[in-house]
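Participant: Pasting the sequence and the predicted model now:
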Amino acid sequence: MKTVLTIAGSDSSGGAGIQADLKTMMAHEVYGMSVITALTAQNTLGVAGIMDATPEFVAQQLDCVFTDIRPDAVKIGMVSNADIIRVIAEKLNEYKAVNIVVDPVMVATSGSSLLNDDAGTALKTLLLPLADVITPNVPEAEVLSGMAIHTKAHMLQAAAIIAQAANTSVLLKGGHLEDSADDLLYTDGVAHWFEAERIANPNTHGTGCTLSSAIASNLALGHSMERSIQNAKAYITGALRDGLDLGKGKGPLNHAYRLWR
Ligand SMILES: Nc1ncnc2c1ncn2[C@@H]1O[C@H](COP(=O)(O)OP(=O)(O)O)[C@@H](O)[C@H]1O
Ligand SMILES: Cc1ncc(COP(=O)(O)OP(=O)(O)O)c(N)n1
């Protein structure tokens with residue numbers, strides 16, 4: 001069985017973070033493991049509180065995973081402070097981790113910040129260069145590229161800036177642009193658009209976490225980067241189309257939509 005590790009924060013409402021990642025991995029029939037960087041008290045309306053793990057405890061979790069069950073792919077999500085980022089970068093280098101997908105989570109869909117001020121530089125200099133692909137959404141890409149993004153042409157410009165700075169591939173997700181669900185993969189100066197139908201569903205809590213975990217699961221299964229993204233897009237579109245409606249705010253996805261029909 002193929003194995004995938006998520007390094008991310010816990011979402012008490014089960015829609016994003018570690019919980020979304022493990023549900024996605026289960027749906028892809030890979031064995032999911034988790035290193036928890038922070039606990040969040042949150043629901044579909046917003047984030048009420050964050051409690052970071054200590055860097056030492058993050059290191060201990062990483063040692064336990066890598067010395068026992070080696071992951072075929074790694075997804076990294078919420079990493080809220082610079083010390084935790086340093087530990088993760090050190091350990092991924094030490095254990096020569098492969099197929100690394102970094103979702104540079106900065107702000108929750110609800111508007112709450114998930115990244116400390118001091119973590120931005122550490123994220124850019126230590127973590128992004130380790131990734132096989134980085135998956136920013138539009139607001140995150142604006143921060144990383146330093147430019148405003150309103151159109152697909154802007155997405156192309158921003159992806160090129162981020163890819164050059166981090167020296168890796170960038171999948172810039174288009175979900176925050178009006179009327180778009182088209183994502184752009186930018187690798188070595190080559191652009192590839194992944195086009196998808198935009199689903200009329202306001203319940204998008206955890207879509208970014210789910211997409212990055214689905215890409216990591218597909219990479220672990222041995223698919224190419226392009227095929228992995230194509231498959232992950234199909235998965236997210238199907239989960240949105242299912243139309244699950246839970247909670248009082250932006251609700252979560254139904255990860256079981258392919259299992260019981
Ligand atoms: N309404 C929608 N219909 C179809 N796909 C969507 C929709 N909203 C977002 N997506 C897709 O979900 C994934 C994550 O989207 P995005 O909202 O851009 O990032 P994030 O969830 O990190 O904020 C992307 O593949 C995006 O294209
Ligand atoms: C613990 C945790 N990690 C990540 C997020 C971000 O999730 P969300 O706000 O739904 O945005 P995307 O997953 O769609 O990028 C979170 N809220 N909590």
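Facilitator: Sure, I can see it. Treat the numbers as computed from the prediction; the structure is a model and nothing was measured. Ligands and ions are numbered 1, 2, ... in the order given.

Participant: which residues of this structure score low on pLDDT?
Facilitator: Where the chain drops to pLDDT under 70, the residues are 260-261.

Participant: Would you state the helices of it in chain order?
Facilitator: Under the criterion DSSP state H, the chain carries helices at the ranges 17-27, 55-66, 82-94, 119-122, 138-145, 152-166, 207-220, 225-242.

Participant: Just name the most buried of those.
Facilitator: Among the helices of the chain, ranked by average contacts under mean count of other Cβ atoms under 10 Å, first place goes to helix 207-220 (a mean of 28). In this view, the C-beta of every residue, glycine as well, is placed from N, C-alpha and C.

Participant: who are the neighbours in contact with the residue of the stretch 1-150 of the chain found nearest ligand 1?
Facilitator: Ligand 1 sits closest to Asn137 of the stretch 1-150 of the chain, with a gap of 3.5 Å, by Cβ to the nearest ligand atom. Applying Cβ atoms under 8 Å, 6 or more residues apart in numbering, we find Asn137 in contact with 172-173, 175-176, 208.

Participant: 7 Å instead?
Facilitator: Neighbouring residues of Asn137 by Cβ atoms under 7 Å, 6 or more residues apart in numbering: 173, 175-176, 208.

Participant: Also Gly238?
Facilitator: Taking Cβ under 7 Å, 6+ apart, we find Gly238 in contact with 257-258.

Participant: Quick check: the gap between it and Pro129.
Facilitator: According to Cβ to Cβ, to the nearest Å, Gly238 and Pro129 sit 33 Å apart.

Participant: And the residue nearest the centre of this protein?
Facilitator: Asp103 (3.3 Å; Cα atoms, centre = their mean).

Participant: which one among the contacts of Asn137 gets closest to ligand 2?
Facilitator: Gly208 (2.5 Å).

Participant: Tell me how far that closest one lies from Val101.
Facilitator: Counting by Cβ to Cβ, the gap from Gly208 to Val101 is 11 Å.
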